[in-house]
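Trainee: when you get a sec, could you give me coordinates for this:
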Amino acid sequence: MNKLIFSTTLLSTLISTSSFAFEVYSNDDSSLLLGGRVEPRFNVSDANTVAKDADGNFVTDANGEGVVDSNKSSFDDISRARIYIDGTTRVNEDVSVFGFYEGELTSGSSEIENRYMYAGVATGFGAFSYGKQDSAQVILTDVTDIMETFGGSASDLVEGNQDKRENNFVYQLEIPFGVTATANYIASDKEDNDSAGLSLIYDDPIGFAFGVGYVDGKQNDVDANQMNVVASYAVGDFYMGGIYVSGEIDNVDVDGYEIAAAYTLDDFVFRYVYNNRDADDKAKISDYEVDYHAIEGVYNVTNNFLGYAGYEFNRLDGKQNDDQFQAGIRYNF
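Mentor: Numbering: from 1, shown residues only. Down below sits the predicted model:
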């Protein structure tokens, strides 16, 4: 029975949801939770003044310098609100079914983005689900993606490594001795652009974790693969994690790494990350270079209300890589 409970909840708990969710309905066999967040926030950087193309990429000149849009300001409001629904129903002692949905509304837009939308079946031998959900590698990349503001920029070399993937089949199983195995297959809407991945992570009771993963397939009609190796250690109020990634996109080698650290002091949390990524052939594989340090402070006013501020020290050239300051407040429900 414990395996069944684990299978129905693990996929949802890997997503950043609130522990203050409102229980809409509950009995011996079913439960339905409603939760979310309201998060006013802003970003200040000269990078916000650089023009972007239709795909959201920075426009640069022949020298690689960002082209300034005179109508844009260095101040950018990036406020957002999210709401999610999390339901589980037990079919019998060995089988249960579940569904999860999360939508997001951002400032400057009246359209709701479907962040997550999946459903599945869980047994004592693991959980299987289909829909828009994380790849098998996200359980690894979360080791260093710990900030409210920055970070998590270097670990995703290929699209099949990312979170919130559509047409995604996921199987997850808890193996004895603290090992979690996750496998996924992403069926692309574009022919011959599918990808598949597998990850294993070991979580030791004394605070040490170690994981490996691999994803292979195609994106934009070229071969793309990636390997991930992660490790973390938590003791008392201190946490430290690291990830190394290496892959190949269209026969070009790409590699990167992230380091993350955090220290909790009463209601305050202090965090630091370093992200670095590079490609052997920058002319063929563009926009892959990442190199910055970032610091952040968080104050938990209550258990469900916090404020935060962070600063990114970017080491790359060009106005599009200008340093950034970001701050916000968040109410969870």
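Trainee: tally of neighbours for the nearest residue to Gln133 once chain neighbours are set aside?
Mentor: Counting by Cβ to Cβ, 6 or more residues apart in numbering, Gln133 lies nearest to Tyr118, which is 4.4 Å off, once chain neighbours are set aside. To be clear about C-beta, it is placed using only N, CA and C from the backbone, and glycine gets the same treatment. A count of nearby residues for Tyr118, using other Cβ atoms under 10 Å, gives 21.
Trainee: helix or strand for Tyr118, which one?
Mentor: According to DSSP states H and E, Tyr118 maps onto strand 113-123.
Trainee: name the strands paired with that strand and say parallel or antiparallel.
Mentor: Counting by DSSP bridges, the strands paired with strand 113-123 are strand 95-106 (antiparallel), strand 126-133 (antiparallel).
Trainee: mind listing what's buried along the host helix or strand of Leu32?
Mentor: Assigned by DSSP H and E, Leu32 falls within strand 30-39. By 16 or more other Cβ atoms under 10 Å, the buried positions in strand 30-39 come out as Ser31, Leu32, Leu33, Gly35, Gly36, Arg37, Val38, Glu39.
Trainee: same question, stretch 223-239
Mentor: Ala224, Asn225, Gln226, Met227, Asn228, Val230, Ala231, Ser232, Tyr239.
Trainee: and those as CSV, adding secondary structure, pLDDT and distance to Thr89?
Mentor: CSV is the format used below for the buried residues of stretch 223-239 (DSSP: H, G, I helix; E, B strand; the rest coil; pLDDT from 0 to 100; distance: Cβ to Cβ, whole Å):
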residue, secondary structure, pLDDT, distance to Thr89
Ala224, strand, 95, 38
Asn225, strand, 97, 38
Gln226, strand, 98, 36
Met227, strand, 98, 38
Asn228, strand, 98, 34
Val230, strand, 98, 34
Ala231, strand, 98, 37
Ser232, strand, 98, 34
Tyr239, strand, 98, 36
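Trainee: coming back round to it: need the strands paired with strand 113-123 in a markdown table with mean neighbour count and mean pLDDT, can you?
Mentor: Shown next, in a markdown table, are these (neighbours: other Cβ atoms under 10 Å; pLDDT from 0 to 100):
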| stretch | mean neighbour count | mean pLDDT |
| --- | --- | --- |
| strand 95-106 | 18 | 98 |
| strand 126-133 | 20 | 98 |
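Trainee: out of those, which is closest to Asn220?
Mentor: strand 126-133 (19.9 Å; Cβ to Cβ).
Trainee: skip ahead from the closest one and say which helix or strand is next.
Mentor: Following strand 126-133 toward the C-terminus (DSSP H and E): helix 138-141.
Trainee: what packs against the helix or strand following that following helix?
Mentor: Heading C-terminal from helix 138-141, the first helix or strand you meet, by DSSP H and E, is strand 165-175. On a contact count with 3 or more Cβ pairs under 8 Å, 6 or more residues apart in numbering; DSSP states H and E, strand 165-175 meets helix 2-13, strand 113-123, strand 126-133, strand 179-186.
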